[in-house]
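Trainee: give the three-dimensional model of this entry:
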Amino acid sequence: MPAKLFFYYSTMNAGKSSTLLQANHNYQERGLRTLLFIPKITGKQCISSRIGLSAPAIQFAQDFNFLPCLEKAVEESRFLQSAFLESMKHDMVVPCEGVKHDLACVLVDEAQFLTKAQVIQLTKVADELDIPVLCYGLRSDFLGEPFEGSKYLLTHADVMTEIKSICFCGRKASNNQRIRSDGTPLAAGEQIQVGGNERYVGKCRRHFHEGLAQAALIEKASEAKENEPPTKQRRVTEATPEKKDQEPALADDVSSTSPSSA
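Mentor: Below you'll find the model as predicted:
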């Protein structure tokens, strides 16, 4: 059976990294070698999950080419396999021609950050090197727009699987909402902004769009306040007595109503 390119997608905090690490463990448990990759933009040198699992990974930038990297890994693997078999010839007859490499699988985390060219490279890893490629990532950004990597994985992957998570209302979460520190939604900013639970929350389509509408109202109110004429702001300030200005008057009222000590 020919190798395939897989794309496992979900919203934030749905357990993508945990699923990747479990798949990696399944391969290694059977004595099969894997290579793990993670985008350099994440600032991480390993793939880790919220439940405490982790594994070292190779960082890649946007100009990284997967094909020659994995071709080299395959050749090194074949050389090591051949050397091992040669060393065994003294004890048994083992054919060394056509030695197959032992690289069983390639796993890519945060695959939404792949470029179009890198997705094409991964299709060639599956088709030409016959190595299964498992990609895990988000389908869309905080505005509901597809990431470049996700768009082309949805186009070229042989198998696409959704890793499901739940919105706070109980429906399936299908979108990623970017939030402020106070939990209110955001609808402006750079597409790529790395963060976790403190920055993103998965929501169903309905509550995602309600969040975008709320964010637009917050932004509009903020702009209106910034554009408010200075004279109006000063009048409001002058018309609102400071607390320290109110205290003497309050003290006078109390003294005027208190019984005399005489």
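Trainee: kindly report the domain assignment for the chain.
Mentor: What automatic domain parsing lists as the domains of the chain is 5-165, 176-241.
Trainee: how about the strands in the stretch 1-150 of the chain?
Mentor: Remark: strands assigned in the stretch 1-150 of the chain by DSSP state E, counting those that start in this stretch are 5-10, 33-39, 46-48, 54-56, 58-60, 103-108, 133-138.
Trainee: and the ones you listed as JSON lines, adding distance to residue 22 and mean neighbour count?
Mentor: Placement of C-beta: from N, CA and C, glycine included. Below are those laid out as JSON lines (distance: least, Cβ to Cβ, whole Å; neighbours: other Cβ atoms under 10 Å):
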{"stretch": "strand 5-10", "distance to residue 22": "11", "mean neighbour count": "23"}
{"stretch": "strand 33-39", "distance to residue 22": "12", "mean neighbour count": "21"}
{"stretch": "strand 46-48", "distance to residue 22": "11", "mean neighbour count": "18"}
{"stretch": "strand 54-56", "distance to residue 22": "11", "mean neighbour count": "13"}
{"stretch": "strand 58-60", "distance to residue 22": "19", "mean neighbour count": "17"}
{"stretch": "strand 103-108", "distance to residue 22": "11", "mean neighbour count": "23"}
{"stretch": "strand 133-138", "distance to residue 22": "11", "mean neighbour count": "26"}
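Trainee: nearest to residue 168, out of the ones you listed?
Mentor: strand 5-10 (16.2 Å; Cβ to Cβ).
Trainee: pretty sure residue 40 sits against residue 58.
Mentor: No: with contact defined as Cβ atoms under 8 Å, residue 40 does not count as touching residue 58 (9.8 Å).
Trainee: so residue 161, which of the three states?
Mentor: strand (DSSP: H, G, I helix; E, B strand; the rest coil).
Trainee: dig out what it forms beta bridges with.
Mentor: Following DSSP bridges, residue 161 is listed with bridge partners residue 8.
Trainee: so what pLDDT did residue 254 get?
Mentor: pLDDT recorded at residue 254 is 41.
Trainee: give me the nearest residue to the residue nearest in space to the middle of the chain, chain neighbours excluded.
Mentor: With distances taken as Cα atoms, centre = their mean, residue 110 lies nearest the centre of the chain, 5.4 Å away. The shortest distance from residue 110 to any non-neighbouring residue, by Cβ to Cβ, 6 or more residues apart in numbering, is to residue 39 (5.0 Å).
Trainee: need the helices for the chain, in chain order.
Mentor: Applying DSSP state H to the chain gives helices spanning 16-29, 66-88, 116-128, 148-156, 205-226, 230-239, 243-257.
Trainee: follow-up on the earlier one: and of the strands of the stretch 1-150 of the chain, who's closest to residue 160?
Mentor: strand 5-10 (4.9 Å).
Trainee: packing partners for that closest one?
Mentor: helix 16-29, helix 116-128, strand 133-138, helix 148-156, strand 159-162 (3 or more Cβ pairs under 8 Å, 6 or more residues apart in numbering; DSSP states H and E).
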